[in-house]
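[1] next comes the sequence, and after it the predicted model I'd like to discuss.
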Amino acid sequence: MAVDELDTRILKLLIEQPRTSVREYARLLGVARGTVQSRLDRLERDGVITGTGPVLSPAALGHPVLAFVHIEVTQGHLDEVGEALAAVPEIIEAFSITGAGDLLTRVAARDNGHLEDVVQQLIQLPGVVRTRTEMALRERVPHRLLPLVEAVGRASLSP
């Protein structure tokens, strides 16, 4: 799906001012409200915009410990382990990966003891061979997409 310069400007506003109305976006962009709404609808339909909910802080929810757990899986059991991971509330994300391990999960825990309990729970899942845990010390670059949106916008202006 091609994202043009107007799409980029709309996405930038969504990131910078997520609580603003479509009418206000249209005013700021100098285009019709219907144009902005149709662009937003298309961006959602094409999977560029994947959600509109609030971004929550695991730390503020009482889970300040962040760790990345690599999981090695018995061959042929990746799907069932992935489904089992979805039942563990402390797992924030899980990805199939290349390299060392088969899955990479991001885990939020209340404290180190709780993290150990979660890892022990993962080890017990059928199909899990072993895990390796790395704890995050400090966030250096928070989750962001604005620089990517801006780069895509610059690329859309190139001939």
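    Thanks, I have it.

[2] what about the strands in the chain?
    Ranges of strands in the chain, per DSSP state E, are 65-73, 91-96, 103-109, 128-135.

[3] so which of the ones you listed comes closest to residue 8?
    Minimum separation from residue 8 across the strands of the chain (C-beta to C-beta) falls at strand 91-96, 26.1 Å. Any C-beta I mention is one placed from the backbone N, CA and C, and that applies to glycine too.

[4] what angle do that closest one and strand 65-73 make?
    Inter-element angle recorded for strand 91-96 and strand 65-73: 30 degrees (by axes from the mean of the first three to the mean of the last three C-alpha atoms, to 10 degrees).

[5] quick check: neighbours of strand 91-96 in the sheet, parallel or antiparallel?
    Strand 91-96 has its sheet partners listed here by DSSP bridges as strand 103-109 (antiparallel).

[6] can you list contacts of the strand it pairs with?
    Identification of contacts with strand 103-109 by C-beta atoms under 8 Å, 6 or more residues apart in numbering yields 58-59, 61, 63, 65-71, 73, 78, 81-82, 85, 90-97, 115, 118-119, 122.

[7] so where's the chain uncertain?
    Applying pLDDT under 70 to the chain flags the ranges 1, 159.

[8] specify the residue ranges that define each domain of it.
    As given by automatic domain parsing, the domain ranges for the chain are 5-54, 65-135.

[9] and the last one, end to end?
    Between the opening and closing residues of domain 65-135 we find a distance of 8 Å, counting by C-alpha to C-alpha, to the nearest Å.

[10] same question, the shortest one
    One end of domain 5-54 sits 26 Å from the other (C-alpha to C-alpha).
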